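This is the structure alone, sequence omitted:
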């Protein structure tokens, strides 16, 4: 089959394109810009477009399927050309469903923890020798984000966001899962969901869409989610789960199985213990033993850019996290403080998304950086221009974050200067949080530079 991906550079889109290429399909694609790691991965497979931009001339009747990414717009010239030729056009959630219609479909939804929880399930199945396909928003150790095979199970990260410019349904409604998880709900994506009520509506639709034989696991420690579940008419089997009990000793987080065996973990933070609670329920539903679960989860190193260890030196340790929404930022900072209770924590947050830069949404960040010793926010005025949002001042941001000592940077060079200029201390943690790129700064090199200065 010949498949063309419009907006091939996305995290899922490029992984799906590579998976289809590896299965022997003829794959092409286009995008107006492609960042790392998508760029290198596509190049290695010979799938990187010759040049960036939309090329309607490559769309012809020999194409069997157009997979349309959300990054494209309704007036995309390739999309218009495909429609004029009456080509088959699908969003990637529709395409994924067609590929997995005969499988057991496990969907992990929620405002936070989707990638990590999906990754935990996929990792434990892999470690237990159980074949399973997956579509996850990040690499999980050596596991690629997307795997499509003849396996009878597929793990799907379920996004509440729109499916494509042509399909405004939430992505997860396409999957029709037999097993579902909702990890929690916290308002996000203000550009699509302008109110909290409009944001939770897709989750209500997901619950209503599940049949009598389907199972939904939901986090009982999230009061808003419990309220939503309680007030939503449903036919499915509802099973609440809680934060997995854990202990911390000398900075090591561990779990204890029902037979008393202690398993040390590589991940940390209450939010990750909630993710483990969800993964455990799903793994049991899939018939995997408790022993195999604990053995597998103990070797789980986390998803890419989810509290990823970026640098570890004599006096400083640095983490990189994808956190950008308020609930994610607060959970990440709290997790680092819990693991490093006596450390001098420098927290750097990039405001990059439409929601995070919008004055109507910014009050949601109140106290999100509270547990850090140094609180730094970076944003690009150029990003504000692109998103057509009003200018922000340092005083405004200090008010939104409820932090009089908040430091604000508006360029990568200024951000680096602020961090380097802080008085060096022993036992420092440098935490980077963003869904963006921090203006291309070499984050590991900055951490190493500070570590050396502390040593002197």
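Arrived safely. On a predicted model such as this, the values are computed, not experimentally measured, just so you know.

Sketch out the helices for the stretch 1-150 of the chain, chain order is fine.
11-22, 38-44, 77-84, 92-100, 114-127 (DSSP state H, counting those that start in this stretch).

can you redo these as TSV with mean neighbour count, distance to residue 170 and mean pLDDT?
All C-beta spots, glycine's among them, are computed from the backbone N, C-alpha and C. Below are these laid out as TSV (neighbours: other CB atoms under 10 Å; distance: least, CB to CB, whole Å; pLDDT from 0 to 100):
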stretch	mean neighbour count	distance to residue 170	mean pLDDT
helix 11-22	22	15	95
helix 38-44	16	23	95
helix 77-84	18	21	97
helix 92-100	20	9	96
helix 114-127	27	13	98
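
okay, those in TSV with distance to residue 418 next?
Shown next, in TSV, are the helices of the stretch 1-150 of the chain (distance: least, CB to CB, whole Å):
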stretch	distance to residue 418
helix 11-22	29
helix 38-44	29
helix 77-84	43
helix 92-100	39
helix 114-127	30
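
OK, contacts around the closest residue to residue 266 other than its chain neighbours?
Nearest residue to residue 266, sequence neighbours excluded (CB to CB, 6 or more residues apart in numbering): residue 301, at 4.8 Å. Applying CB atoms under 8 Å, 6 or more residues apart in numbering, we find residue 301 in contact with 141, 266-267.

now, which of these sits nearest residue 374?
Comparing the contacts of residue 301 against residue 374 with CB to CB places residue 267 closest, at 24.4 Å.

Assign the closest one to one of the three secondary structure states.
Secondary structure, DSSP: H, G, I helix; E, B strand; the rest coil: residue 267 is coil.

ok, and the closest non-adjacent residue to it?
Nearest one to residue 267, counting by CB to CB, 6+ apart, is residue 302 at 5.2 Å.

Likewise for residue 141?
Per CB to CB, 6+ apart, closest to residue 141 is residue 301, 5.5 Å.

so when I look at that neighbour, I'm seeing a helix, right?
No. Looking at residue 301 with three-state DSSP, it is coil, so not inside a helix.

backbone phi and psi for it, please?
For residue 301, the backbone dihedrals (degrees, to the nearest 10) come out as phi -100, psi 0.

Surely residue 401 is in contact with residue 368?
Yes. If you go by CB atoms under 8 Å, residue 401 and residue 368 touch, sitting 6.5 Å apart.

More neighbours: these two, which one.
Relative neighbour count places residue 368 above the other of residue 401 and residue 368, with 27 against 24, counting by other CB atoms under 10 Å.

how far is the longest helix seen in the chain from where the chain is centred?
In the chain, assigned by DSSP state H, the helix with the most residues is helix 270-285. Averaged C-alpha coordinates place helix 270-285 at 17 Å from its chain's average position (CA atoms, centre = their mean, to the nearest Å).

And the contacts of it?
Outside helix 270-285, the residues within contact range by CB under 8 Å, 6+ apart are 106, 108, 112-113, 116-117, 120-121, 124-125, 179, 181, 183-184, 215, 217, 219, 221, 239, 241-246, 255, 267, 290, 292-293, 297, 307, 331-332, 334-335, 338.

cool, stretch 197-208 as well?
Against stretch 197-208 from outside (CB under 8 Å, 6+ apart): 109, 158, 160, 170, 172-173, 180, 182, 185, 187-189, 193, 216, 224-225, 228-229, 232-234, 236.

Check stretch 83-100 too.
Stretch 83-100 is contacted from outside by 12-13, 16, 59-61, 63-70, 79, 82, 133, 135, 148, 154, 156, 163-164, 166-167, 171-172, 174-176, using CB under 8 Å, 6+ apart.

In strands only, show me those residues.
65-68, 133, 135, 154, 156, 163-164, 167 (DSSP state E).

would a markdown table of these with neighbour count, distance to residue 436 and pLDDT be doable?
A markdown table is the format used below for the ones in strands among the contacts of stretch 83-100 (neighbours: other CB atoms under 10 Å; distance: CB to CB, whole Å; pLDDT from 0 to 100):
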| residue | neighbour count | distance to residue 436 | pLDDT |
| --- | --- | --- | --- |
| 65 | 19 | 31 | 98 |
| 66 | 21 | 29 | 98 |
| 67 | 25 | 25 | 97 |
| 68 | 27 | 24 | 97 |
| 133 | 22 | 30 | 98 |
| 135 | 26 | 23 | 97 |
| 154 | 25 | 30 | 98 |
| 156 | 27 | 25 | 98 |
| 163 | 22 | 23 | 94 |
| 164 | 24 | 23 | 93 |
| 167 | 18 | 26 | 91 |
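
Can you lay out the residues you listed as a markdown table showing distance to residue 389?
Output for the ones in strands among the contacts of stretch 83-100, formatted as a markdown table (distance: CB to CB, whole Å):
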| residue | distance to residue 389 |
| --- | --- |
| 65 | 37 |
| 66 | 32 |
| 67 | 31 |
| 68 | 27 |
| 133 | 39 |
| 135 | 32 |
| 154 | 38 |
| 156 | 33 |
| 163 | 25 |
| 164 | 25 |
| 167 | 27 |
